[in-house]
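Asker: from the sequence below, what's the structure:
(one chain, ligands or ions: 2)
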Amino acid sequence: MGYTIAEKIIKAHLVEGEMIKGTDIGLRIDQTLTQDATGTMAYLEFEAMGVPRVKTERSVAYIDHNTLQTGFENADDHRFIQSVAKKHGIYFSRPGNGICHQVHLERFGIPGKTLIGSDSHTPTGGGIGMLAMGAGGLDVAVAMGGGTYYITMPKMVRINLTGKLSPWVAAKDIILEVLRRMSVKGGVGKIIEYGGEGVKTLSVPERATITNMGAELGATTSVFPSDEITKSFLRAQGREADWTELKADDDAQYDDILEINLSELGPMAAAPHMPDNVKTIEELKGQKIDQVLIGSCTNSSYLDLMRVAHILKGKTVHPDVSLGIAPGSKQVYNMLAANGALADIIAAGARILECACGPCIGMGQSPNSKGISLRTFNRNFEGRSGTKDGQIYLVSPETAAVSAIAGVFADARELGEAVEIPMPEKFLINDNMIVPPAPVEEMDSVEILRGPNIKPFPTSEPLPEKIEAKTLLKVGDNITTDHIMPAGAKILPYRSNIPFLSNFCFAVCDEQFPERCRTEGKGIIVGGSNYGQGSSREHAALVPLYLGIKAVIVKSFARIHLANLVNAGIVPLTFVNEADYDTIDQMDELEIPDIRELLGKSEITVNNKTKGSSFKVSCQVSERQRDIILAGGLLDYTRESVK
Ligand code: MIC
Ligand code: SF4
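Answerer: Ligands and ions are numbered 1, 2, ... in the order given. Now for the predicted structure:
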């Protein structure tokens, strides 16, 4: 039997387990990346492991999220990360160099390699044929130390692309179509592989837009073949030697196959507040808009912004609209400046933002009250923009640009004939903002610079024989990490200060939650399906840990968040009968006897002491995860094994 692309990469990196779907496998990790919002914690954890030098082929620390410096906190964290990187063998991408996923694709990504990153959009690397996955900071720290990365062997889904996109229809519309069909939980436990004749019509950055937003499907990752197009992209980046061919065998087996005829797609938008709430442009056309933002790791490549510049050239942004543009990398920014496209963008009235995540993570540019904001980003979760009642729509750069001029949702196809913007034969290569680590012989003399914002991370206690605690919060389906641990300009600077962050835990859902936790001292959270979707931020587990949360009982979990809960030593449980969710009320007192013994079992009794009833839950953790929880979290469990 032949192999899929993902199976080939997994096979070449398998260090534990067998490639049997649904079982735990351990992978050797070639590359890691971190960004600053998760990086400070990841490097504190790396330091705590006591490994002097990273053992990966390449590890890169990016500064791209916390670039608003309204106090000392972010700047201090940047200096901390820079000094850790220098000492421990990590390349450092300075603030201003761009968004981690865009820069990694341009300068470091290699087909056939494994990459994990402390950011859920790490699968962007799938656009260049990497097996690239988002992970919690601690998992990344372990991988940097040479430790194995564990996932559940995913199912394989193939998406066959046929035909060719119509003029002004974009890669973004392809992934919006996939989201429309599969939903935000449709990818859980799966790797999405793209194939078919249509693949040849898509450039590497377009493929990367698609794999990037595979994160919104909940997929483990997404991957494209590495072909002649990949080769010419790498050649244009001066890295042809990094190319290898990668394709699925003809007789590879897939668990599911989807067909998408690119010729049939039109422009689409994901309406508030979920990336799978997809509408056609026909349904929205003519509605007034307030803001347009172009950028983010999904859509800020050279090709994206050249198309935008072409649309804006000689026009003026509608008087009722604020248009912000953040190029994805210094390379993109520099090239637009050199060829005059930036001048066209400025002349049209766009507000040029730093090349960083910026408004995508609520770092500025929050829309007006109830403001309708069109963004080329990947997430439109409630409150993420920084304006609680902001109405965020996710669109392609083409739709964004035409709408910014029109002042209403507009259909870019009305521009008529397509504009051919060729992929550059050579990108502008200047790695002067990437600082290499100190040579081994000098590492001991590198001083680590720590600011006062860095507080110790919370430690968990060994799991008791039984958990007895109140349901301190009951929430519904599709709770995101932006609900659990919000980000944004006011809170993000405190990512290395768990006590401070805890004041904002679940603030979007229930502002009283942190106070209740403090009063009660311990608690349980009850939730619906796809709990913890979105970000890889381990803070969404560390903060509840700090607040005394012992267990989370839900209908189903998102992959990375489940791993983060285990790493923090919090017990993840799922209802055996989903209907039991309805029998629990907030503040009900629950009791889970013999939990130490029952971890990993599929039927565990929970007594609802308030209601005098009981129900069954399952604890779907592997043996290794059970040992991690018993040990009080991954850090303690790992410390000895990677030395
Ligand atoms: C996001 O897009 O939500 C983030 C901010 O990039 C996160 C990481 C974080 O919370 O720091 C992610 O996607 O993992
Ligand atoms: Fe940054 Fe937004 Fe991409 Fe997250 S999704 S890495 S915040 S640009």
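
Asker: now do the buried residues in the helix or strand bottoming out on mean pLDDT in the chain.
Answerer: Lowest by mean pLDDT, DSSP states H and E among the helices and strands of the chain is helix 634-639, with a mean of 78. Buried positions in helix 634-639, judged by neighbour count with 16 or more other Cβ atoms under 10 Å: 634-635, 637-639. Heads up, the C-betas are built off the backbone N, CA and C, glycines and all.

Asker: would you confirm that Thr459 contacts Leu634?
Answerer: No: with contact defined as Cβ atoms under 8 Å, Thr459 does not count as touching Leu634 (12.0 Å).

Asker: now do the SS call for the residue positioned nearest the centre of the chain.
Answerer: In the chain, the residue lying closest to the centroid (Cα atoms, centre = their mean) is Ser120, at 1.9 Å. The assignment at Ser120 comes out as coil when based on DSSP: H, G, I helix; E, B strand; the rest coil.

Asker: who are the contact partners of it?
Answerer: Residues near Ser120 by Cβ atoms under 8 Å, 6 or more residues apart in numbering: 134, 215, 534-536, 560.

Asker: near whichever residue of the stretch 101-250 of the chain sits closest to ligand 2, how many other residues are there?
Answerer: Residue nearest to ligand 2 within the stretch 101-250 of the chain: His121 (4.7 Å; Cβ to the nearest ligand atom). Number of residues near His121 (other Cβ atoms under 10 Å) recorded here: 29.

Asker: next one: the one 4 residues further on
Answerer: Counted with other Cβ under 10 Å, the burial measure for Gly125 works out to 32 neighbours.

Asker: check which helix or strand the closest residue to it other than its chain neighbours maps to.
Answerer: Leaving out its chain neighbours, the residue that sits closest to Gly125 by Cβ to Cβ, 6 or more residues apart in numbering is Ala132, at 3.1 Å. Ala132 is part of strand 131-134 when elements are defined by DSSP states H and E.

Asker: return the distance of the helix or strand following that strand from the chain's centre.
Answerer: For strand 131-134, the following helix or strand on the C-terminal side (DSSP H and E) is helix 137-144. Centre-to-centre, helix 137-144 and its host chain are 16 Å apart (Cα atoms, centre = their mean, to the nearest Å).

Asker: which strands or helices does helix 137-144 pack on?
Answerer: strand 31-34, helix 36-49, strand 114-117, strand 149-152, helix 559-568, helix 634-639 (3 or more Cβ pairs under 8 Å, 6 or more residues apart in numbering; DSSP states H and E).

Asker: can you list contacts of the first one?
Answerer: Residues from elsewhere that reach strand 31-34 (Cβ under 8 Å, 6+ apart): 42-43, 54, 56-62, 81, 100, 104, 108, 110, 113-119, 122, 130, 137, 140, 143-144.

Asker: any weak-confidence spans in the protein?
Answerer: 639-643 (pLDDT under 70).

Asker: quick check: the nearest residue to Glu7 once chain neighbours are set aside vs Pro572, distance?
Answerer: Leaving aside its sequence neighbours, Glu7 sits nearest to Met19 (Cβ to Cβ, 6+ apart; 6.3 Å). Distance, Met19 to Pro572, by Cβ to Cβ, to the nearest Å: 24 Å.

Asker: re the thing from before, which residues do Thr459 and Leu634 both contact?
Answerer: Residues touching both Thr459 and Leu634 by Cβ under 8 Å, 6+ apart: none at all.

Asker: who are the contact partners of the closest residue to Asp30 other than its chain neighbours?
Answerer: Closest residue to Asp30 apart from its sequence neighbours, by Cβ to Cβ, 6+ apart: Lys113 at 4.2 Å. By Cβ under 8 Å, 6+ apart, the contact set of Lys113 is 9, 30-31, 57, 130-131.

Asker: just the buried ones from the residues you listed?
Answerer: Applying 16+ other Cβ under 10 Å to the contacts of Lys113 flags 9, 30-31, 130-131 as buried.

Asker: adding distance to Thr481, write the helices and strands packed on helix 137-144 out as a markdown table.
Answerer: Shown next, in a markdown table, are the helices and strands packed on helix 137-144 (distance: least, Cβ to Cβ, whole Å):
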| stretch | distance to Thr481 |
| --- | --- |
| strand 31-34 | 17 |
| helix 36-49 | 11 |
| strand 114-117 | 15 |
| strand 149-152 | 18 |
| helix 559-568 | 6 |
| helix 634-639 | 18 |
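
Asker: and among the ones you listed, the most buried is which?
Answerer: Highest mean neighbour count of these: strand 114-117, a mean of 29 (counted as mean count of other Cβ atoms under 10 Å).

Asker: what's the helix or strand harbouring Ala269 packed up against?
Answerer: Following DSSP H and E, one finds Ala269 within strand 268-270. Using 3+ Cβ pairs under 8 Å, 6+ apart, the elements in contact with strand 268-270 are helix 171-182, strand 278-280, helix 281-284, strand 391-394.
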